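In: sequence plus the predicted model coming up.
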Amino acid sequence: MPTKIEKDAISGQNTTGHEWDGLKELNTPLPRWWLYTFYACILFALVWMVMYPSIPIRGLTGVTGYIAREAGTAELAEARTRAEPMMARLRAATPAQIAADPELRAYAIAGGRVAFANNCAACHGAGGQGATGGYPTLADDDWLWGGTLADIRTTITHGIRNQDDDEARTSVMPRFLGDGMLNRAQIQDVAQHVLGLSGLATDQAAAARGATVFAENCVSCHGEQGEGNQELGAPRLSDRIWLNGPDVRTIEAFISNPRLGVMPAFGQRLDGATINMLAVYVHSLGGGR
Amino acid sequence: MAFKFSHGTIERNLILLGVLTLITVSIGGLAQVVPLFTVESTIERVEGTRPYSPLELMGREIYVREGCYTCHSQMIRPFRDEAERYGHYSLAAESMYDRPFQWGSKRTGPDLARVGGRYSDDWHAQHLRSPRAVVPESVMPPYAFLDRPLDYRRVGASMATLRALGVPYTDEMIRNADADLRAQANPEADGAGLASRYARARQGVFDGNSAEVTEMDAVVAFLQMLGTLVQFRDVTPEQLRQQ
């Protein structure tokens, strides 16, 4: 057992009295600042316990009466109330009226940008540039379902080919290979013809053969010259703008087994005013009609 | 007897040391245990919550396996900025069937508590395969390997395990686990049984490949149901109150 506590000559501290083969241990106390900080933390915790709900007994909510959920809800409600006069005007107006009124338009563009970043940018890109693989560019003037303010509003509200909204825009392109409507050779020909509509065909003979296939299978939706049909969301094929990329293999694969775009119905997620702001914002990205 | 409090006194007295240690440890233990006694009053009385369907459950297991929670939280806190971005704050009731919960504590990516329905199935599959193909600024690693077949032989066993932990899976649910799982991944299949056992469970070809049930199907089915069960339009402030 340690018995001999002595003063260390160099540091001026007492030793603990322990000794191992001549090695002695200094009994250095904790620095004062550390010790008092520690006590202050304990004191702070006690004050906190009294002020905020910390003991899970009904009624013991702390003297401040603060409850995070209620505070957050109140803060949100307060912000909504503050914005409401403008939101009510944005809700009541049509997107065209908003676009025509400089004050409403400025508000809609600012609010629409935020709502776009949160809800739309994942698919359509931060600047509406779209993404290869079926996510259309919104910053150009090539529209699948129409580019007027009213068209854009309808698309955002009801979405496209989703299962949640009965009024969702919808159309079906057949799986020309999957459903046995065309064989592989015909699909290769018609893919060349589709490329040829915008002067990109690499095999003129195949493109010429594909013209018949196109006339018999595609024109009812895509038009005789591939001009498209916005009533059906049938893309214009003659403009060198591609949803899935311009290479012939991609086009053949799409004709064989199309993967049609799906968009959620944001009318079920967002306020009418927000949808109007989004419509005006998207319309302003560059290509609104 | 004058008692001078010092470490020396405690350290030299084995019984005193034992008793004081016990008291200290008990306080720490109580702080962890006592809140659990109040869990009944913590869970909000909202309608719509249910245990995960078998396909969603498998997706959840993959979510845990891949450590998605290290970058994505599933916990919307009751602050205005979070509500504006993600929606209504998360309820205790919404993770009452989570074993373990996936609240997470860090957001490198966004919160996923209400990601369900926000994007299309195709987007999710494409984004998991190659995040930067759809979101150029993303730092998420690719999970293209999820396109492999889903091994769901043990889904019934998983459900039985969860039942032992208090998740109310019925015998009927466990008996039909395989069939329900396949039905949810195939929109052509009869979904009446699935719908009767798991309200609002959506059928779909979640990964765009109808030939087989893949891990991608499971993960996307899980992501697409997150936060969709409670209909906040119908919830009253009364129901949200924690007693």
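Out: On my side now, so go ahead. Numbering: from 1, shown residues only, chains lettered A, B, ... in the order given.

In: using the three-state scheme, assign residue 17.
Out: Reading this off chain A. At residue A:17 the chain is in strand, as set by DSSP: H, G, I helix; E, B strand; the rest coil.

In: the intended chain is chain B.
Out: helix.

In: check contacts around it.
Out: Neighbouring residues of residue B:17 by C-beta atoms under 8 Å, 6 or more residues apart in numbering or on different chains: B:10-11. Any C-beta I mention is one placed from the backbone N, CA and C, and that applies to glycine too.

In: how much space separates it from chain A?
Out: 16 Å (C-beta to the nearest C-beta, to the nearest Å).

In: what's the burial count for residue B:235?
Out: When counting by other C-beta atoms under 10 Å in any protein chain shown, one arrives at 17 neighbours for residue B:235.

In: what's the local residue count around the closest residue to it other than its chain neighbours?
Out: Leaving aside its sequence neighbours, residue B:235 sits nearest to residue B:46 (C-beta to C-beta, 6 or more residues apart in numbering or on different chains; 5.5 Å). A count of nearby residues for residue B:46, using other C-beta under 10 Å, gives 19.

In: cool, and residue A:202?
Out: 10.

In: go ahead and confirm it touches residue A:248.
Out: Yes: between residue A:202 and residue A:248 there is a contact at 6.8 Å, judged by C-beta atoms under 8 Å.

In: which SSE is the residue nearest to residue B:235 in?
Out: If you go by DSSP states H and E, residue B:46 is not part of any helix or strand.

In: so what's it up against?
Out: B:91, B:93, B:230, B:235, B:239-240.

In: give me the residue from the stretch 1-150 of chain A nearest chain B.
Out: Nearest residue of the stretch 1-150 of chain A to chain B: residue A:72, at 3.3 Å (C-beta to the nearest C-beta).

In: what helices or strands is whatever helix or strand that residue lives in leaning on?
Out: Residue A:72 is part of helix A:68-92 when elements are defined by DSSP H and E. If you count contacts as 3 or more C-beta pairs under 8 Å, 6 or more residues apart in numbering or on different chains; DSSP states H and E, helix A:68-92 packs onto helix A:102-119, helix A:272-284, helix B:80-86.

In: circling back: overlap of the contact sets of residue A:202 and residue A:248?
Out: With C-beta under 8 Å, 6+ apart, residue A:202 and residue A:248 have common neighbours A:192, A:195.

In: got phi/psi on the nearest residue to residue A:262 once chain neighbours are set aside?
Out: Of all residues not flanking residue A:262 in the chain, residue B:120 sits nearest, at 3.8 Å (C-beta to C-beta, 6+ apart). For residue B:120, the backbone dihedrals are phi -80, psi 160 (criterion: degrees, to the nearest 10).

In: make JSON lines out of the helices and strands packed on helix A:68-92 and add mean pLDDT and distance to residue B:171.
Out: What follows is the helices and strands packed on helix A:68-92, written out as JSON lines (pLDDT from 0 to 100; distance: least, C-beta to C-beta, whole Å):
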{"stretch": "helix A:102-119", "mean pLDDT": "96", "distance to residue B:171": "42"}
{"stretch": "helix A:272-284", "mean pLDDT": "96", "distance to residue B:171": "46"}
{"stretch": "helix B:80-86", "mean pLDDT": "93", "distance to residue B:171": "37"}
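
In: pick the most buried one from the ones you listed.
Out: Each of the helices and strands packed on helix A:68-92 was scored by mean neighbour count; the highest is helix A:272-284, a mean of 24, by mean count of other C-beta atoms under 10 Å in any protein chain shown.

In: wait, what's in contact with the closest residue to chain A within chain B?
Out: At 3.3 Å from chain A, residue B:78 is the closest residue in chain B, using C-beta to the nearest C-beta. The contact partners of residue B:78, by C-beta under 8 Å, 6+ apart, come to A:68-69, A:71-73, B:89.

In: looks like the residue of the stretch 1-150 of chain A closest to chain B contacts residue B:89 (just checking).
Out: Yes: using C-beta under 8 Å, residue A:72 makes contact with residue B:89 at a distance of 6.5 Å.

In: where along chain A do the strands fall?
Out: A:15-20, A:23-26 (DSSP state E).

In: comparing the ones you listed, which comes out most buried?
Out: Ranked by mean neighbour count, the strands of chain A are led by strand A:15-20 with a mean of 14 (mean count of other C-beta under 10 Å).

In: number of nearby residues for residue B:62?
Out: Residue B:62: 18 neighbours (other C-beta under 10 Å).

In: doesn't it fall inside a strand?
Out: No: Residue B:62 is assigned helix when assessed by three-state DSSP, not a strand.

In: residues near the residue lying closest to residue B:187 once chain neighbours are set aside, how many?
Out: Leaving out its chain neighbours, the residue that sits closest to residue B:187 by C-beta to C-beta, 6+ apart is residue B:203, at 4.7 Å. Residue B:203: 19 surrounding residues under other C-beta under 10 Å.

In: dump the residue contacts of residue B:203.
Out: Applying C-beta under 8 Å, 6+ apart, the residues near residue B:203 are B:183-187, B:189, B:191, B:194.

In: specify which member of those is nearest to residue B:140.
Out: The nearest member of these to residue B:140, counting by C-beta to C-beta, is residue B:185 at 24.0 Å.

In: so what does residue 203 have for phi and psi?
Out: All of this is about chain A. Torsion angles at residue A:203 (phi, psi; degrees, to the nearest 10) stand at phi -130, psi 100.
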